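>>> Sequence and computational prediction follow.
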Amino acid sequence: MIGRTENALRALLAHTLSPTRIPGYPAWIVLNAMTADRSPGAWRARAAAALAREGEIDGVLAELRSAGLVDDAELLTTAGTAQLAAARTAVAQASRLLVEGITEPEQDAVHRVLDTIRRRADELLPSNG
C-alpha cells in the first residue's frame with residue numbers, strides 16, 4: 001500500500017508540475033528548500049534530507065539554471081518565482097482534492113501513521129543508522 005500510494009502521489013505531482021518549467025520532484029524539493037531558508041548550508045541540508053541524498057542537489061541546480069529558474073548565485077529568477085508560485089497553487093489545489101471528504105480526526109490519524117513510517121524509513125537508511 002505504501003509503494004502504490006507513493007507511486008500515485010509522485011505521478012500526481014509530476015502531472016501537477018507539468019504545466020510549469022519545474023523539471024520534477026527533486027527540483028520541486030530544491031526550490032521549496034531554497035525559499036524556506038536562504039542560508040546555503042540550511043537549504044541544502046533541508047533538500048538533502050528530503051531527497052535522502054545530498055549528491056543530487058548540484059545536478060538539480062544545473063537543471064534549474066538551464067530552465068531559467070535559478071541564477072548562478074542560487075537565487076530564484078523572476079521566472080523561477082512565478083513558476084514556483086504557480087506550482088504551489090496547483091499542488092495546494094490537488095492536495096485539497098486528495099483530502100476532500102476525509103474528516104479531521106481521520107487526517108490526524110493518517111499524519112501520525114505516515115510520520116511514524118517516514119521516521120522508521122529514515123532510521124533504516126544507511127546514512128542515518
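Received it, and whenever you're ready, just let me know what you need. Numbers count the residues shown, from 1 in each chain.

>>> measure residue 120 to residue 113 for me?
From residue 120 across to residue 113, the span is 11 Å (Cβ to Cβ, to the nearest Å). C-betas here are computed from N, CA, C, even on glycine.

>>> ok, the closest residue to residue 69 other than its chain neighbours to residue 60 distance?
Leaving aside its sequence neighbours, residue 69 sits nearest to residue 80 (Cβ to Cβ, 6 or more residues apart in numbering; 3.5 Å). Distance from residue 80 to residue 60, counting by Cβ to Cβ: 13 Å.

>>> And for residue 78?
In terms of Cβ to Cβ, residue 78 sits 20 Å off from residue 60.

>>> These two: which is more packed in?
residue 60 (21 against 10; other Cβ atoms under 10 Å).

>>> Which helix or which strand is home to that one?
helix 56-66 (DSSP states H and E).

>>> which residues are contacting that helix?
23, 26-27, 29-31, 44, 47-48, 51, 70-72, 74, 80 (Cβ atoms under 8 Å, 6 or more residues apart in numbering).
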